[in-house]
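Enquirer: One predicted model, sequence on top.
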Amino acid sequence: MSTAVNQAMVEKYKGNFLKEVTENVEEGNWVKMCMQCGVCSGSCPLGPHWDHPPQEIFMMIRANKREEVLSSTSMWMCTSCYNCIARCPRGLPITHIMHGLAHYSKRIGLKPKNQPTEKFGQMFWDNLTKKGRVNELKLGLGLYFKDGFAEGVKVAMSKQKLGMNMMKAKRMSPMEMLGGHGVSDLAGFHAMLKKAEELEAARVGENTDKK
Amino acid sequence: MKIGGYLCTGCGIGDRLDTKSLETVAVREGRIGFCKTHDFLCSQAGVDMINADLAAEGDDKVTKLVIMACSRRAKTEAFNFGAVPTARVNLREGVIWIRPEGSEHEETTQEMAADYIRMGCAEVKAMHQADASGEQGKNNHIMIVGGGVTGMTAALEASKAGYYASIIEKSDRLGGVMGQLHKRHPLRSPYQHPQDTGVAAMIAAVEADDKITVYLNSKVASTSGAPGRFNVTIASSVGAGTQAEFGAIVQATGFTPYDANNLPEFSYGKSANVVTQLELEAMAQAAGDGAIKRADGKEVKNVVFVQCAGQRSEKEGHLSWCSGHCCSTSVKQAMYFKDSNPEIETTILFDDLRTPGAGGENFYRSAQDKMVTFRKGKVSTVEAAGSDLKVNFKDLILNEDTHMEADLVVLATGMMPNAGVNIDAPKDDAANGEVKVPVESILNLQYRQGPDVPQLVNGFADSHFICFPYETRRTGIYTAGPVRRPMDGGQAQTDAMGAVMKAIQAIENSAIGRAAHPRSGDLSFPSFRKEGCTQCKRCTVECPFGAINEDEKGYPQYNEARCRRCGTCMGACPVQVISFKNYSIETVGAQLKAVEVPDEYSEKPRILVLACENDAYPALDMAAMKRNESSAFIRVIPVRCLGSTNTIWIKDALGSGYDGVVMMGCKKGVDYQCHFVKGSEMAHVRMAKIGDTLSTMNLESERVAVHEVAITDIDRAPKLLDEMVEVINRVGMSPFKF
Amino acid sequence: MTAVVATNQTIIVVGGGISGMTAALEAAETGKQVILLEKRPYLGGRVTQLYKYFPKMCHPTCGQEINQRRIKMNKNLTVITQAEVSNISGGKGDYTVSVTLTPRYVNSNCTACGDCAKAATTEFDDEFNYNLGKRKGVYLPNAMAFPQQYVIDARLIGTPEADAAKAACKYGAIDLDEKEETIELKAGAVVFATGWKPYDANKIQPYGYDRFANVINNVEFERLMDPHGPTGGKLLRPSDGKEAKNIAFIQCAGSRDRNYLKHCSRFCCMASLKQTQYVTEKYGTDGKSTIYYIDIRSIDRFEDFYRNVQADPSVSFIKSKVAKVEQDKDGNPVLHGVNTEGYHRYANTHDLVVLATGMEPSVDFKGLPIKIAVNEEGFIEHDEANGGIFAAGVAADAMDVNRAVQHATAAALRAVQVVNQVAGA
């Protein structure tokens, strides 16, 4: 589906990426208001680890660097510290825009490959939606072993103490391995998620259909 | 004639000086009528005492005053006796506050005070009551040259104030550049959308106003006279000319758009789809609120604005300045497109986006909200490929050379002032092989100094002063709008009001013979003794305000209402025939001669200090307020401007035994600070020639020093005087003591 | 105080800074009766606290001297200091203005001899130097102060020191019993030339103006250069008195920012460009200035000045809104941010940081007893509905001195139009 959506978007916006972002990305209608002061870029605690800081991303959007932006790892690095929002002189909800861009890139299939945050996000979602509650043990182990068995054992060993403490504090139970806890109306929960997905697909579809 | 002397003993003067002996000096040596003392002369009682003497009858009536108290800058209101010639002898800031206490200093301090009293008495004797010349006229009619929005605003506002206005417009219609615009920038909060220019309504108001006369197809063929009595010949290209009299002039001649043909790199002239901002206005006007179409009839879908096209650039043929309005203009024009169809792509390529103030920033934000794209980029070329265009530029944020496609490119070119003839331009331009198109004069002033108002920089007829933006150096003639400085329409309209204010002021003051700023209210004016005049024309050449004409025989003709009373003419005159009633070769000459010069072996040199009354004298004054010590050998005379310094004073001083002369004037050169423009510079030039005099007298050249002194030179100014004391210690006392 | 004669042909100008002085003088020199009200004890306003003007690098006190002389010589113009408007009623051509006068405790007998100050000892923060230095409680506000009369700080009243000052005066100039009073004046037109105040930089938390001694604002920096200023004209930084040779200028400190002032204050780019030249004036090539900016707005012929500063090897420009300022162990401010031209991250250490704080109107016009049009930014807008009330200079918009004077001259005309109409001219 995602490639098709991507194609449809490319077709629809014909090189006007700013417009595409404005109309499709959560809070994307704010991107046009950036005046390139760079205070967000300088305020980001993880800034040095990004390909492109927010202000540069916003410039790249105007410069129609669609592929580069959407496949960038940058948006995935946001930790939601809100420094940028607090300082932005134009009031841009930068944190939300970054998350919006990340989500959009995933939706249309341009997300970066092997981006840990993205991987973790997916894992978290899958874990959560299964039972309606997060299964810490499975999520933790899944995360440890995401880069293969040997690496997983190594990480698990190093985190041993943390795991023991969590068990002592009753924050995690080894019994969780066997199914684990969930919401009482699991069927209702899944129905709800399905409906939400339908609504979202319809919204995206509607937008791609519109000429 | 009776001269009254009034010696204040307050503020420590009585404690520090032997005032009894000073009274004797005043009466016996100064030979004035009497000298009264008062322990608080500036008090009501003290002033009443003086007023009573001025009001007395018969032989008791006092007609001139010597106030022996504080600096002329202190208690000015209390000691303001109108036109009565008054000498202020500065015993407080000039003597006791700069001299240390102690018996070893008493003698020299007392001598200083006595000299200043002798000087004051001598000065006042040479002064006469100033009154208006009688040549003044009053005319409530303002000539406004230029019928654009600036000129029309000026006319309407003058009328509102009760004055008459005539607009002289060279074209066949009113409205100027603003009249060619589709819309203008918003003038009111929230500053979001372009608004109607209002030009049509303004033209209607002008035409309906019975205090306003409009001359279309007309130019100013000749302007003579002075404020209050300008005599103007208005030439018409379609009919007979007219003669008219005006009280003052506002020059609102606007600007000429920069010729984009100088920008082949942007394919201007090569592609019909590369246009200037003004050309886009015509396209927008033609479109109304519909789709803007190119010359080939195609609707514009993708427009790129190139900011700073041919301006803010040091390239040959480009404009170095920023025209101020063009960022906002492009913002406005991008909105023309966006407001008619949001699908049209509009990109503004800028280096610095200059949308200042409350209005500017809101307008910028509003454009962003309308999806106008802003990119910080420097455009190198615009390529025309068929009917489409490729804009090559460097994106300064993404740091890459890139390009954009466009079907229309708008160049934000600059404004060039219509200021007429640059009267200060070097005459021999033709010598370097350049063929220049002769510039037509705007005002055709029949002034010795040239036909138009002086220009400041880049051809704009602006003031040189931050504090005084309407200083045009031609009294009664004020420039407004883009001829004065690059500006947008809103600013030009405010500017028109400022210029009208000054024009009205010139009308009112010229009617009663009062000087304009900076010597506002001064009634004195220069006159000359014809028998002595050699028709050398130095005065007419050097007058910074173009106030003096020459008659057919080459004698100077003073135009009181044009004159600013600086005295540069007086300083220039080689035969010393020019004087003001209350300021003359005599008033200063008599002062310096009144000083008692001790003999060569006294070890008491005498140093004459001529200090500009606006900057150097206040600096010395404030140094005294800080109790900065100065030499007891200086004798300071304030002058209206160092330009009024006649070399005869220096010769007289050196000839009568002074050991040194220090002159303190304002900064000269490009960023001159002299409020009479060239006074300080002229003084420097004249003093450079004094070397000959010194060598004929066999005196060392260091004995005369000219310094630039700023009002803030509180610590430096006294040090400069100390330096002269050291010079004299080194080269020895003058041999010319009698 | 002496009775002031005012009629409905009188123009009242509120605010005695350069705009107010200009509006008052231009009208008075045209023959109109003008009353100039100033809340401080002296005229001149903020320009008297500047060292130099751009672009000529000339001294504001020079023009101030001329304007003061014009005022001294003009009998149409009445100056009332320590006066604030407390009420306005009526309409165009017929206003009644209530003016509250706070006591100076020194009358016009004062000769400025300074004997009273010699008798005083207690020191207070010197507001003329933005509290960077001290002054006595009996003082002449500045060297150019006009009226040239001493002032007694109200906090001294009732102390033996005030009595000692009074005893020291030989001219009966000190009146410790002066009380606040309110007078009523008629006027045909009222011009507000109430000027601006620097935006309160304490609100810009990331820049640490409230925490770091070596972060100052642009008006304070002017005082450091002034030979009459708290450092005697030396560029010494506040924390340790060390010479400040490496100075950062942060543009738009408060301006163009929804969190603080939405508008561009217009003058601050030129002010910082000018101030880099102070550093060059002091230290030549040993000095170093860095301007952190979003857009350099050196409009019209100021562009020449910008070009000259760009050519100064000791000045560099970084296109960046600084993210935050920290302080290292030696008290040096460290600036963090990103140079957006090509994305370069920096952590730059300077001796001193100067915040180019913007201007906001010094008066809340929305709180006036009479309703006038005020825009979102708090400036007075010209509107027919304002009747005979006009703004001059920075009361109308953020602008530099030259434009303010030009604007004030225009405002004088508006006022003259009203009183001329009243006079039936």
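Expert: Looks like it arrived, so ask away.

Enquirer: Which of the residues in stretch B:677-686 are classified as buried?
Expert: B:677-684, B:686 (16 or more other Cβ atoms under 10 Å in any protein chain shown). In this view, the C-beta of every residue, glycine as well, is placed from N, C-alpha and C.

Enquirer: Next: stretch B:507-514.
Expert: By 16+ other Cβ under 10 Å, the buried positions in stretch B:507-514 come out as B:507-511, B:513-514.

Enquirer: quick one: which of the buried residues of stretch B:677-686 is nearest to residue C:262?
Expert: Of all the buried residues of stretch B:677-686, residue C:262 sits closest to residue B:677, with 41.8 Å by Cβ to Cβ.

Enquirer: Enumerate every residue touching the residue nearest to that closest one when sequence neighbours are not counted.
Expert: Spatially, and ignoring its direct neighbours in sequence, residue B:677 is nearest to residue B:544 (3.7 Å; Cβ to Cβ, 6 or more residues apart in numbering or on different chains). Counting by Cβ atoms under 8 Å, 6 or more residues apart in numbering or on different chains, residue B:544 touches B:473, B:564, B:566, B:568, B:643, B:676-679.

Enquirer: Report whether residue B:544 is found in a helix, as I expect.
Expert: No: secondary structure assignment (DSSP: H, G, I helix; E, B strand; the rest coil) places residue B:544 in coil, not in a helix.

Enquirer: I would like the residues contacting whatever helix or strand residue A:140 lives in, please.
Expert: Here residue A:140 sits within helix A:136-144, counting by DSSP states H and E. The contact list for helix A:136-144 (Cβ under 8 Å, 6+ apart) reads A:120, A:123-124, A:127, A:151-152, A:155-156, A:159, A:163, A:166, A:171-174, A:176-177, A:180.

Enquirer: now do 6 Å
Expert: A:123, A:127, A:152, A:155-156, A:172, A:176 (Cβ atoms under 6 Å, 6 or more residues apart in numbering or on different chains).

Enquirer: got a pLDDT number for the residue nearest to residue B:677?
Expert: Model confidence at residue B:544, given as pLDDT, is 93.

Enquirer: Same question for residue C:2.
Expert: pLDDT, read off for residue C:2, is 55.

Enquirer: For chain A, identify the residue most remote from the centre.
Expert: Here chain A reaches farthest from its C-alpha mean at residue A:168, the gap being 32.1 Å by Cα atoms, centre = their mean.

Enquirer: and the gap between it and chain C?
Expert: Residue A:168 sits 40 Å away from chain C, going by Cβ to the nearest Cβ, to the nearest Å.

Enquirer: how close does that residue sit to residue A:178?
Expert: Distance, residue A:168 to residue A:178, by Cβ to Cβ, to the nearest Å: 20 Å.

Enquirer: Show me what the helix or strand hosting residue C:408 is packed up against.
Expert: Assessed by DSSP H and E, residue C:408 sits inside helix C:401-423. The contact analysis (3 or more Cβ pairs under 6 Å, 6 or more residues apart in numbering or on different chains; DSSP states H and E) places helix C:401-423 against helix B:489-512, helix C:18-28, strand C:189-192.

Enquirer: How about residue B:80: what's its closest non-neighbour residue?
Expert: residue C:73 (6.9 Å).

Enquirer: wait, the one you found sits on residue B:519?
Expert: No: counting by Cβ atoms under 6 Å, residue B:519 is not a contact partner of residue C:73; they are 9.1 Å apart.

Enquirer: which residues touch residue 131?
Expert: By default, I'm working from chain A. residue A:182.

Enquirer: oops, chain C please
Expert: Residues in contact with residue C:131 (Cβ under 6 Å, 6+ apart) are residue C:125.

Enquirer: Domain boundaries for chain B, per the record?
Expert: Listed by automatic domain parsing, the domain ranges of chain B are B:1-129, B:141-254+B:418-512, B:258-412, B:527-571, B:597-738.

Enquirer: follow-up on the earlier one: so which of the contacts of residue B:544 sit within strands?
Expert: Among the contacts of residue B:544, no residue falls in strands (DSSP state E).

Enquirer: Sitting in helices, which of these do you find?
Expert: Mapping the contacts of residue B:544 onto helices (DSSP state H) picks out B:568, B:679.

Enquirer: Check the contacts of residue B:544 and tell me the two furthest apart.
Expert: Across these, the longest distance by Cβ to Cβ is 13.6 Å; it joins B:473 and B:643.

Enquirer: which one of the two has more residues nearby?
Expert: Neighbour tally, residue B:473 and residue B:643, criterion other Cβ atoms under 10 Å in any protein chain shown: the higher count belongs to residue B:643, 31 against 22.

Enquirer: Which residues are in contact with the more buried one?
Expert: Counting by Cβ under 6 Å, 6+ apart, residue B:643 makes contact with B:568, B:571, B:676, B:679, B:682-683.

Enquirer: any idea which of those is the one closest to chain A?
Expert: residue B:676 (46.1 Å; Cβ to the nearest Cβ).

Enquirer: which stretches of the stretch 51-200 of chain C form helices?
Expert: Counting by DSSP state H, counting those that start in this stretch, the stretch 51-200 of chain C has these helices, from start to end: C:60-73, C:115-118, C:160-168.

Enquirer: out of the ones you listed, deepest packed?
Expert: helix C:60-73 (a mean of 23; mean count of other Cβ atoms under 10 Å in any protein chain shown).

Enquirer: Any idea how far that helix is from the middle of the chain?
Expert: Taking Cα atoms, centre = their mean, to the nearest Å, one finds the center of helix C:60-73 at 17 Å from the center of the full chain.

Enquirer: Could you do stretch C:397-411 as well?
Expert: Taking Cα atoms, centre = their mean, one finds stretch C:397-411 lying 14 Å from the centre of the chain it belongs to.

Enquirer: cool, stretch C:157-173 as well?
Expert: Stretch C:157-173 has its C-alpha centroid displaced from the chain centroid by 30 Å (Cα atoms, centre = their mean).

Enquirer: residues in contact with it?
Expert: B:40, C:106-107, C:109-111, C:115-116, C:119-120, C:122, C:138, C:156, C:174, C:176.

Enquirer: pLDDT averaged over it - what is it?
Expert: Stretch C:157-173 comes out at a mean pLDDT of 97.

Enquirer: how about the residues of chain A near chain C?
Expert: Counting by Cβ under 6 Å from any Cβ of the partner chain, the residues of chain A close to chain C are A:36-39, A:41-43, A:55-56, A:89, A:91.

Enquirer: Could you turn the buried ones of those into a PyMOL selection?
Expert: Selecting only the buried entries of the residues of chain A next to chain C in PyMOL, with 16+ other Cβ under 10 Å as the criterion:
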select buried, chain A and resi 36+37+38+39+41+42+43+55+56+89
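
Enquirer: would you list the residues of chain A next to chain C in TSV and tack on pLDDT?
Expert: Shown next, in TSV, are these (pLDDT from 0 to 100):
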residue	pLDDT
A:36	97
A:37	97
A:38	97
A:39	97
A:41	96
A:42	96
A:43	96
A:55	97
A:56	96
A:89	97
A:91	96
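
Enquirer: of all of chain B, which residue lies closest to chain A?
Expert: For chain B, Cβ to the nearest Cβ, closest residue to chain A: residue B:397, 4.6 Å.

Enquirer: and the closest residue to that residue other than its chain neighbours, which of the three is it?
Expert: In this structure, residue B:397 finds its nearest non-sequential neighbour in residue A:59, 4.6 Å apart by Cβ to Cβ, 6+ apart. Under three-state DSSP, the three-state class of residue A:59 is helix.
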